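Enquirer: sequence? don't have it. structure:
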């Protein structure tokens, strides 16, 4: 029977500062942009919001700065129904920000300043240990220090708590440490960064996933955008086909997938059903612009699922 799971996200919270412009300025040049948009982002925060919208009880473990954006980020979590009691304001640090510049052709240039995200330490994980022990699932990404991610995965393994790692942004990692995760969920680029193998289609994804399993990982889900997702474990491989839509903006679709998957799996659904549902939820997020603002409610999702 489906129940409400408790998902704890240990990860990043950013502010996205998006400027739309016809041209990028040359060095020393000042030009006018067409439009500006400020939004709440960060992979950890995005995944927390997606999970909460799908019906999970969600708690966030994170750090924000002592600037204007820090309290606003905490307030956004609370407005989304997310427990922010372990989101700490870090003195002398800026909040994480992502200035994004988008030209008229849709090409973007992004700078990410990690700020207080880079101050989340294993000591913070220890401080949140009573909360983490209550979790049905712990979700992590790589916009906080890697040593904190490894430490949290070891904590989850020792305490018998399911953990999901989204190894993004893509980078080489210690696969022995990743073996502590119940699920490692990269996209094609991130899977290539982990394995050194190209992932351009489903068959290459199968080869890559097998390589990662042979390297000690327990379960691997490679998200393939318009090709769906591939789930691999010692029990075999399952390809979940995509939910066909005409996307407007794919930004944040991976975060929508992971946050919803954590909720669906934690609620007691079989892995195959949770995977199929997460594919649909991620597809729905591409029908409007933005990240968190594009994530749909559980009611909207259920209508599409039916």
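Expert: Right, received. Where do you want to start? Source: prediction; values computed, not measured. Residues are numbered from 1 along each chain as shown.
Enquirer: So which residues of the stretch 201-306 of the chain form helices?
Expert: 202-214, 253-266, 271-285, 298-305 (DSSP state H, counting those that start in this stretch).
Enquirer: for the stretch 51-200 of the chain, same thing?
Expert: Under DSSP H, counting those that start in this stretch, the stretch 51-200 of the chain gives helices at 69-79, 122-127, 129-132, 146-158, 175-178, 188-195.
Enquirer: of all the helices of the stretch 201-306 of the chain, which lies closest to residue 114?
Expert: helix 253-266 (16.9 Å; C-beta to C-beta). The C-beta positions use only the backbone N, C-alpha and C, and glycine is treated the same way.
Enquirer: which strands and helices sit next to the closest one?
Expert: Packing contacts for helix 253-266, counted by 3 or more C-beta pairs under 8 Å, 6 or more residues apart in numbering; DSSP states H and E, involve strand 6-10, helix 43-53, strand 137-140, strand 162-165, strand 219-223, helix 271-285.
Enquirer: Rebuild the ones you listed as a markdown table, extending it with distance to residue 89 and mean pLDDT.
Expert: Below are the helices and strands packed on helix 253-266 laid out as a markdown table (distance: least, C-beta to C-beta, whole Å; pLDDT from 0 to 100):
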| stretch | distance to residue 89 | mean pLDDT |
| --- | --- | --- |
| strand 6-10 | 17 | 98 |
| helix 43-53 | 15 | 97 |
| strand 137-140 | 21 | 98 |
| strand 162-165 | 26 | 98 |
| strand 219-223 | 33 | 97 |
| helix 271-285 | 29 | 94 |
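Enquirer: out of the ones you listed, which comes closest to residue 233?
Expert: Between those, strand 219-223 lies closest to residue 233; by C-beta to C-beta that is 4.4 Å.
Enquirer: Pull the distance from the closest one to the chain's centre.
Expert: Remark: strand 219-223 is offset 14 Å from the chain centroid, using C-alpha atoms, centre = their mean, to the nearest Å.
Enquirer: what angle sits between that strand and helix 253-266?
Expert: The directions of strand 219-223 and helix 253-266 differ by 140 degrees, with axes from the mean of the first three to the mean of the last three C-alpha atoms, to 10 degrees as the criterion.
Enquirer: So for residue 28, which of the helices of the stretch 51-200 of the chain sits nearest?
Expert: Of these, nearest to residue 28 by C-beta to C-beta is helix 69-79, at 28.3 Å.
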